[in-house]
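A.B. asks: Please find the sequence and the predicted model below.
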Amino acid sequence: MDGKFSLNVPAQAALSASFLGYKTKVVRLPKGNQNQLRIVLEEDSKALGEVVVTALGISREAKSLGYARQAIDTESLQDTRDPNLLNSLSGKVAGVNFISNGGPLSSTRVEIRGNNSVTGNNQPLYVIDGVPISNAMGESGDLDYGNPASAINPDDIESIEVLKGANASALYGSDAANGVILITTRKATKKKGLGISYNYNMQFSYLSEYPLYQNIYGTAHRMQPGNNLTNYPGAAAKNGYSYDPSLPYGIYVFNWQSPNQRSWGLPMLGFDLVGRNNEIRSYSPSKETITNLYGTGRTITNSVSIDKVLNGVSVRFGYTGINYKGILENFDQMKRHMFNLRVNTDLASWLMMESTVNYQIENTDNRDFKGASNRNPLYAIMNLPRDATVGELTPWKDSDGRPFSLSGFNNPYWLVNELTNGDDRNWFRGNVTFTLKPMKGLRIRLRASADIQSKKGWKFGGTCKNLCLAKYL
């Protein structure tokens, strides 16, 4: 390739010439009035020879591939930590959609180039160190227990390759019809001494913006003087309430009225009434009833790894611990411990062995309920009267542990604190690979692997509607 150019430069100036695929060369102009200079660049084979991992762990030059693939920058995964690996990949791969079912503890679906099937599975195949893993979605009723791929440890990942389309994944069969996500874990590198690294990461999260709620209308209604639903002599008894001379004459009593709990009643103008806890209060918006349900979430990650290469044996051991707490009080509390061991060695000049063992332990308390479940506190908030105060909703149960009766809506504080659930998950993943080289140009690979997942859990299924047996006394 010839390139001609002209420049006006001072005598004995230094010129730097560079071009894509060639090494940069710096030339200093000679003394005198020389007006012609020839610069020859040397080809940079490293720049043109990017090597990527493809199907079955085969390494090839990127320019030789006849299908679409994309590598993901794994270093950025450690900057902003998310307990869900797949959520961290969102927006990093062209043509790939990462669709979360909720927060970090929920399942995340991945679609490469959209849906390929109307009724079937559209998930790609996940392959770690050449071994496919089981990645079933974790939806179960109104709970989502997450999928295994979302729990992969980013600290153990060396590279991620996304193979798009059937041509890219043909070697993995029909399971890879929707594409393949190849993950290669880290291994020890040659260095002086023992390689030890430690990382600590702490993140805080909070709800910075709430939905726009109306603060004009509440649930009080039918307050005309002398009707049978206000406190005056001769008013008909109802719901166990009757005229009380200790209360102001004609005052509105919520529990006497049994009003519709939708906020389409009288404007909240601040006048006095008897609240749901039988205490006199102002008829005004109660914003803190919702804001008090939220707190500050946190994610604490500790990671340590030890690696060494000695006498042809490469060993790397890594541990990562995650302590996660969501922004909704008492919900989404998770602890996860991840152990990873990788050993590579040359047993002979013609025999190489690679082995990886990974083990995860996860304990979760109070996963958030999904959608329109009557156990979902966020759904209960949607039906919460705007005039309901924290004092009316707390305490949420009597001395016998039964929830106080509320007409028309579930108490979100009862849901958050009483409708608990918990689950434990164990995941063992291991493989051993022997590569034989009986002759030049021929390799035989023998591989055995195991992917064992176990899970047990429980949930308390009672709701305020079928357990509200007590009333305010």
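C.D. replies: Received the coordinates, thanks.
A.B. asks: tell me the contacts of residue 220?
C.D. replies: 252, 254, 257, 259, 265-266, 273, 283, 387 (C-beta atoms under 8 Å, 6 or more residues apart in numbering). Where you see a C-beta, it was placed from the backbone N, CA and C, and this is true even at glycine.
A.B. asks: Correct me if wrong, but it is in a strand.
C.D. replies: No: the assignment for residue 220, made by DSSP: H, G, I helix; E, B strand; the rest coil, is coil rather than a strand.
A.B. asks: Return the distance of it relative to residue 269.
C.D. replies: Separation of residue 220 from residue 269 (C-beta to C-beta, to the nearest Å): 10 Å.
A.B. asks: quick one on the thing from earlier: in a markdown table: the contacts of residue 220, plus secondary structure and neighbour count.
C.D. replies: Converted to a markdown table, these look like this (DSSP: H, G, I helix; E, B strand; the rest coil; neighbours: other C-beta atoms under 10 Å):
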| residue | secondary structure | neighbour count |
| --- | --- | --- |
| 252 | strand | 22 |
| 254 | helix | 26 |
| 257 | helix | 23 |
| 259 | coil | 20 |
| 265 | coil | 21 |
| 266 | coil | 19 |
| 273 | strand | 21 |
| 283 | coil | 21 |
| 387 | coil | 27 |
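A.B. asks: Same list (the residues you listed) but as JSON lines, adding pLDDT and distance to residue 348.
C.D. replies: Listed next are the contacts of residue 220 as JSON lines, based on pLDDT from 0 to 100; distance: C-beta to C-beta, whole Å:
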{"residue": "252", "pLDDT": "89", "distance to residue 348": "90"}
{"residue": "254", "pLDDT": "86", "distance to residue 348": "84"}
{"residue": "257", "pLDDT": "78", "distance to residue 348": "88"}
{"residue": "259", "pLDDT": "71", "distance to residue 348": "84"}
{"residue": "265", "pLDDT": "87", "distance to residue 348": "84"}
{"residue": "266", "pLDDT": "90", "distance to residue 348": "88"}
{"residue": "273", "pLDDT": "92", "distance to residue 348": "88"}
{"residue": "283", "pLDDT": "95", "distance to residue 348": "86"}
{"residue": "387", "pLDDT": "93", "distance to residue 348": "80"}
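A.B. asks: Pick the one among the residues you listed closest to residue 73.
C.D. replies: residue 387 (51.1 Å; C-beta to C-beta).
A.B. asks: Excluding sequence neighbours, find me the nearest residue to that closest one.
C.D. replies: Leaving out its chain neighbours, the residue that sits closest to residue 387 by C-beta to C-beta, 6 or more residues apart in numbering is residue 218, at 3.6 Å.
A.B. asks: re earlier: out of the contacts of residue 220, which is nearest to residue 298?
C.D. replies: Nearest member of the contacts of residue 220 to residue 298, counting by C-beta to C-beta, is residue 387, at 33.0 Å.
A.B. asks: Flag the shaky bits of the stretch 201-350 of the chain, pLDDT-wise.
C.D. replies: Applying pLDDT under 70 to the stretch 201-350 of the chain picks out residues 224-229.
A.B. asks: Could I get the full set of helices for it?
C.D. replies: 254-257, 288-291 (DSSP state H, counting those that start in this stretch).
A.B. asks: Looking at those helices, which is nearest to residue 151?
C.D. replies: Here helix 288-291 is closest among these (C-beta to C-beta), at 31.5 Å.
A.B. asks: show me where pLDDT drops low in the stretch 51-200 of the chain?
C.D. replies: If you take pLDDT under 70 as the line, the stretch 51-200 of the chain has these spans: 51-67, 116-120, 165-169.
A.B. asks: Can I get the helix or strand containing residue 454 in CSV, CA atoms only?
C.D. replies: Per DSSP states H and E, residue 454 falls inside strand 442-459. Listed next in CSV are the C-alpha coordinates belonging to strand 442-459 (Å, rounded to 0.1, in the frame of the first residue of the first chain):
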residue,chain,number,x,y,z
LEU,A,442,-4.4,-34.5,15.1
ARG,A,443,-6.0,-33.9,18.5
ILE,A,444,-8.4,-36.2,20.4
ARG,A,445,-10.4,-34.6,23.2
LEU,A,446,-12.1,-36.6,26.0
ARG,A,447,-14.4,-34.8,28.4
ALA,A,448,-16.6,-35.7,31.3
SER,A,449,-18.8,-33.1,33.1
ALA,A,450,-21.5,-32.8,35.8
ASP,A,451,-24.1,-30.1,36.5
ILE,A,452,-26.0,-30.8,39.7
GLN,A,453,-28.5,-28.2,41.0
SER,A,454,-30.7,-28.6,44.1
LYS,A,455,-33.1,-26.2,45.7
LYS,A,456,-35.5,-26.3,48.7
GLY,A,457,-37.7,-23.5,50.0
TRP,A,458,-40.9,-22.6,51.8
LYS,A,459,-43.4,-19.7,51.9
